[in-house]
Structures are given as C-alpha cells and as structure tokens.
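[1] Sequence and predicted structure are below.
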Amino acid sequence: MRFRNLFIVAATLLIVSSCSTQRYISYFSDLTPGESELTVTGSSEIKVQPKDELSILVNSQNPKLTNLFNLPVVSQQIGLENPSASSQGISGYTVDSQGNIDFPVLGKIHIAGMNREEVASCIKEKLVQSDLIKDPVVTVKFMNLNFSVMGEVNRPGQYKISKDKVTILDALSMAGDLTIYGKREKVLVMREENGKQHVYGINLCSGNHIYSSPVYYLQQNDVVYVEPNGTRARQSTVNGNNVRSTSFWISLASLLTSIATTIAVLVK
C-alpha cells in the first residue's frame, strides 16, 4: 500500500513538472489554430536616424542632368596595367547628428524620422519645386543597418537589415532559433531612444505578448538578448546545482522529505 502511494505521488510530481517545463518551451502556447486573431502594434517601418547611411539615386530622361545629384566613387582596381582604369559606384549620404544630409545643389535636408518612401518623396518634391528636374525618379536604400542577437541562440552575431520590416521572429530565425537552454519567456530587446537605453521583454510562449510588444518590429542597432535558463546556469560551474555539488544533494533531500511527508498524510 505504501509503495503504491509512493508511486502515485512520484508520478503526479513528474507529470506536473513535465507540464510546467513544456509550458516554458513551446512558442505561442496561448494561440489556437483558426480561432486566434491578433493585431500587431508598434511601428513597423524603419525610420532614418542620425549616423545612418543612405544610398540616394536620382534618375530622369536626362542622365547628364541627374549625374549632378548622384555621388560617384572612383576606386582604382589594383593589378591592372592601365592605372587610369577604375570602377564606378555610388557613395552614401551619412545623416549627421542633427538628422540632416547635405544634398548636392539642394543643400541640407532634414530627413530624420522619415522612412525610405518619405525621403524619396521629399527629395523629388524639392527637385521639382526648384525647377532642377521635371521628371525625377528617386530611389532610396539603407546601407548600414544592423541588429545584434546575443545569448542562448545557435548563431549569435550581427545581422544586416535587408528589408523594411524585420520582426523579432525574423531575427531569432536568422540566428538559428533559441537553444534548448534559452529562456523563451524572457527575451530582452535593448533599444536606444532619444539618447536613452530602453529594455523591453518579450514572452515567446505567449502569442498575445509577442504581437502586442512595441519591439515586435526591430529597428536599426537593436540588441536581442536571450537569457540562459537555470539548467545552463548550473552547468556553467561545479558550484551549481548538479551531482557534483552540495546544493544538489540538499535539494534532493528536500524533495524526498516532501514526498515522505505527503505519504505520511495519505497513510493516516
């Protein structure tokens, strides 16, 4: 009888522990297929910030005229017999600390806080209003935007932002997803806003929390950090809670004492 009660108690503890562990491993555990409809909040577009570098190309039916507004870069190719041989490229415009770029002929243009389309529209409008080009086509691209992923992921590192919208899920996928030791209920995103560093937390186990987060869409220079769970922390040192440590045996003794107490209550 005692052994049967002991088995029941041990099995119950194992099941509860297993369910608790699964709850902190599965993504989107609160979503049901076909029944969940969530609204994404937060700004989805990447806006221009100081120190960003942009490629701005102006085209029209008059190539000679548009060349005045495109910055050429002449880079000599090493090893060529003709020293005058070169390859042509386009230089980028660096946004200064005030949020301006120094554009040919037009002078300083304030573009901080704009997205790519707004920058292109602004420059196009100024070219037409100044009667410089009647039919300009302006193309704007970001050149140096990155975000970083650190901590318990399979491929930590710095990644380029190659499209206008990059989500936290995109970032973690690019980094090879979390390792089994990453805290899915506590992923941190560090973002500099108005000269101050802000830290946001995301619970990957909750779809509602992910899609309602202000950092669901990443911005340039964001840092994503995945904190290690208790298992990883204990593995990092022999002083952790493992079979080589005193704390492990104390924890085991505490568990056995709890089981014995429960059995005694059941027997009564």
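    Yes, it's here.

[2] Quick check: which ranges of the stretch 51-200 of the chain have low pLDDT?
    For the stretch 51-200 of the chain, applying pLDDT under 70 flags the ranges 72-90.

[3] what ranges do the strands span in it?
    Here the stretch 51-200 of the chain has its strands, by DSSP state E, counting those that start in this stretch, at 53-59, 72-76, 86-90, 93-94, 100-103, 107-110, 137-142, 146-151, 157-160, 182-193, 196-202.

[4] what helix or strand does L255 sit in?
    Using DSSP states H and E, L255 maps to helix 246-267.

[5] Okay, the nearest residue to H110 once chain neighbours are set aside and V119: tell me how far apart.
    Setting aside the residues directly before and after it, H110 is nearest to N100 in space (Cβ to Cβ, 6 or more residues apart in numbering), at 5.1 Å. Glycine gets a C-beta too; all of them are placed from N, C-alpha and C. Counting by Cβ to Cβ, to the nearest Å, the gap from N100 to V119 is 12 Å.

[6] what do these two both touch?
    The contact sets of N100 and V119 overlap at I111 (Cβ atoms under 8 Å, 6 or more residues apart in numbering).

[7] Who has more neighbours out of these two?
    More crowded of N100 and V119, by other Cβ atoms under 10 Å: V119, with 22 against 16.

[8] got a list of what the more buried one touches?
    Here V119 is in contact with V48, L54, I56, I111, V140 (Cβ under 8 Å, 6+ apart).

[9] right, and T167 touches Q219 too?
    No. Between T167 and Q219 there is no contact under Cβ atoms under 8 Å: 11.4 Å.

[10] Have a look at those two and say which one is more surrounded.
    Q219 (20 against 17).

[11] show me what contacts F142?
    Contacts of F142 by Cβ under 8 Å, 6+ apart are I46, D52, E53, L54, S55, R116, I161, Q220.

[12] Recalculate using a threshold of 6 Å.
    With contact set as Cβ atoms under 6 Å, 6 or more residues apart in numbering, F142 has no partners.

[13] Does D52 touch V95 like I think?
    Yes. Counting by Cβ atoms under 6 Å, V95 is a contact partner of D52 at 4.8 Å.

[14] where does T32 land on pLDDT?
    T32 is assigned 74 on the pLDDT scale.

[15] Can you tell me the SS state at it?
    When classified by DSSP: H, G, I helix; E, B strand; the rest coil, T32 comes out as coil.

[16] Neighbours of it, how many?
    8.

[17] What sits closest to K134 if chain neighbours are left out?
    The nearest residue in space to K134 (Cβ to Cβ, 6+ apart) is V128, at 6.9 Å.

[18] okay, now that neighbour: neighbour count?
    The number of residues packed near V128 is 13, by other Cβ under 10 Å.

[19] A253 too?
    10.

[20] With the one 4 residues further on instead?
    As a burial measure, the neighbour count of T257 was computed by other Cβ under 10 Å and equals 10.

[21] Just the pLDDT for it.
    T257 is given a pLDDT of 75.

[22] and stretch 137-153, which residues are buried?
    Neighbour counts using 16 or more other Cβ atoms under 10 Å place V138, V140, F142, L145, F147, S148, V149, M150, G151, E152, V153 of stretch 137-153 among the buried residues.

[23] which residues touch E152?
    For E152, the contact set (Cβ under 6 Å, 6+ apart) comprises L178, T179, Y181, G182, V226, P228.

[24] go with 10 Å
    Going by Cβ atoms under 10 Å, 6 or more residues apart in numbering, E152 touches 178-184, 187, 225-229, 232.

[25] May I ask which of these has the most neighbours?
    In terms of neighbours by other Cβ under 10 Å, these top out with V187 at 27 neighbours.

[26] so where do the helices sit in the stretch 1-150 of the chain?
    2-23, 63-66, 116-129 (DSSP state H, counting those that start in this stretch).

[27] Now the longest one: average pLDDT?
    Per-residue confidence for helix 2-23 averages out to 47 on the pLDDT scale.

[28] Please renumber the chain so that the first residue is 54 from this point on.
    From this message on, residue numbering opens at 54, which makes the last subject helix 55-76.
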